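**Student:** Quick one, structure for this:
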Amino acid sequence: MTPASRSTDRERRLWIAVGLNVVIVAAQVTFGIRSDSLGLLSDAGHNLTDVAALAISMVAIRLARRPPTSTRSFGWHRGTVLAAQANAAAILVLTVWIGYESITRLIRPQPVAGGVVLVVALVAFVANTASALIVREPHHDGEDVDLNMASALVHLAGDAVASLGVAIAGAVMLVTGGWTRLDPAVSLLIGVAIARHAWKLLGASNAVLLEGTPEGIEPDDLAASMVAVDGVETVHDLHVWSISSEMRALSAHVVVEGHPTLEEAQVVAARVKAHLSTEFRIVHATLELECESCADLGPVCEIAPDRSH
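**Tutor:** This is a model prediction of the structure:
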């Protein structure tokens, strides 16, 4: 699948998930008020953030399709990462509200209509599970995870689990005719679980925005593999980072063997770039070719260590 068709497919799947979530929110708010269930209302609030989060994700996908310009040479690819960061932050804010309301209800429990909670929560569970399966993307070993779609999946999967928990609580309250503290207790546990996943997603998106080394790449091993390319003597001032979840970039100073002509040096550079693309999925590599190491020429090459092998 080409990047353009993959982007269109992602947007289509997100639209379906948005439609399902709008219906879920309307049902949960209506019946949550009628049954006085914090579980349903907190789940409705979470689903409402899903609608906003999925909308942000779709906007990010459209931005990523825009071509590069003179002022944005890498295009808008980081829009998807910003969307993931915003989504994760929204989840964390919501879980704080859920925690506060849950603790309040634990201290001062209120009667809850367990039957209504059970039915509505089960419907929400089925709809959220379907949405998560629609948004979920197959992942193969060695491939990067698209953070934008991953953030949407975390929202939807979290809602599915939350709805299931609310349904179980509703069933217990229906059968026992009591246990009203179970409703806020389940909401509190769900909030903690969702916050944990959101925190990890926030860390992953921050790592991309701060131009950290992509997960799964060890710079020393990367440098060693570059040195193993025919015609390369040493590599230093190596930097590798991510533009987006699917676009890795690299810059490095490469000392070529001997004193080749410009044409011969360009052949070595082409070999290195092909190696980086095949073995590490680095699609944008900027190489400064040298006949001798520039380490003694000043502070420019001291940013990163010399990785000679």
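**Student:** Low-confidence regions, the stretch 51-200 of the chain specifically.
**Tutor:** Within the stretch 51-200 of the chain, the ranges that satisfy pLDDT under 70 run 53, 56-57, 60, 64, 138-148.
**Student:** Check which residues of the helix or strand Ala150 falls within are buried.
**Tutor:** Assessed by DSSP states H and E, Ala150 sits inside helix 147-176. Using 16 or more other C-beta atoms under 10 Å as the test for burial, helix 147-176 gives 147-174. C-beta here means a position set from N, CA and C on the backbone, and glycine is covered the same way.
**Student:** and what of stretch 173-187?
**Tutor:** So, applying 16+ other C-beta under 10 Å, buried residues of stretch 173-187: 173-174, 179-187.
**Student:** likewise stretch 29-49?
**Tutor:** Buried residues in stretch 29-49 (16+ other C-beta under 10 Å): 29, 31-32, 35-49.
**Student:** As a check, name the ranges of all strands in the stretch 101-250 of the chain.
**Tutor:** Per DSSP state E, counting those that start in this stretch, the stretch 101-250 of the chain carries strands over the ranges 232-244, 247-256.
**Student:** looking at those strands, which is closest to Ile98?
**Tutor:** For the strands of the stretch 101-250 of the chain, proximity to Ile98 was assessed by C-beta to C-beta; strand 232-244 is nearest, at 30.9 Å.
**Student:** out of the buried residues of stretch 173-187, who's nearest Ser5?
**Tutor:** Nearest member of the buried residues of stretch 173-187 to Ser5, counting by C-beta to C-beta, is Ser187, at 40.4 Å.
**Student:** thinking again about what came up before, adding mean neighbour count, mean pLDDT and distance to Asn128 as columns, could you present the strands of the stretch 101-250 of the chain in CSV?
**Tutor:** Output for the strands of the stretch 101-250 of the chain, formatted as CSV (neighbours: other C-beta atoms under 10 Å; pLDDT from 0 to 100; distance: least, C-beta to C-beta, whole Å):
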stretch, mean neighbour count, mean pLDDT, distance to Asn128
strand 232-244, 21, 90, 27
strand 247-256, 21, 91, 31
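**Student:** Could you list which of the buried residues of stretch 173-187 belong to helices?
**Tutor:** For these, the ones inside helices are 173-174, 182-187, with DSSP state H as the criterion.
**Student:** Turn those into CSV, columns for distance to Gln85.
**Tutor:** Formatted as CSV, those follow (distance: C-beta to C-beta, whole Å):
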residue, distance to Gln85
Met173, 38
Leu174, 40
Leu182, 34
Asp183, 32
Pro184, 30
Ala185, 31
Val186, 28
Ser187, 25
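**Student:** of those residues, closest to Leu106?
**Tutor:** Pro184 (5.1 Å).
**Student:** The nearest residue to that closest one once chain neighbours are set aside: what's it in contact with?
**Tutor:** Of all residues not flanking Pro184 in the chain, Arg105 sits nearest, at 3.5 Å (C-beta to C-beta, 6 or more residues apart in numbering). Counting by C-beta atoms under 8 Å, 6 or more residues apart in numbering, Arg105 makes contact with 38, 181, 183-184, 187.
**Student:** next one: Pro184
**Tutor:** Going by C-beta under 8 Å, 6+ apart, Pro184 touches 38-39, 101-106, 109.
**Student:** Tell me how far it lies from Ala223.
**Tutor:** 54 Å (C-beta to C-beta, to the nearest Å).
**Student:** cool, Thr80 as well?
**Tutor:** Distance, Thr80 to Ala223, by C-beta to C-beta: 29 Å.
**Student:** Neighbour count: these two, which is higher?
**Tutor:** Between Thr80 and Ala223, counted using other C-beta atoms under 10 Å, the more crowded position is Thr80 (29 against 24).
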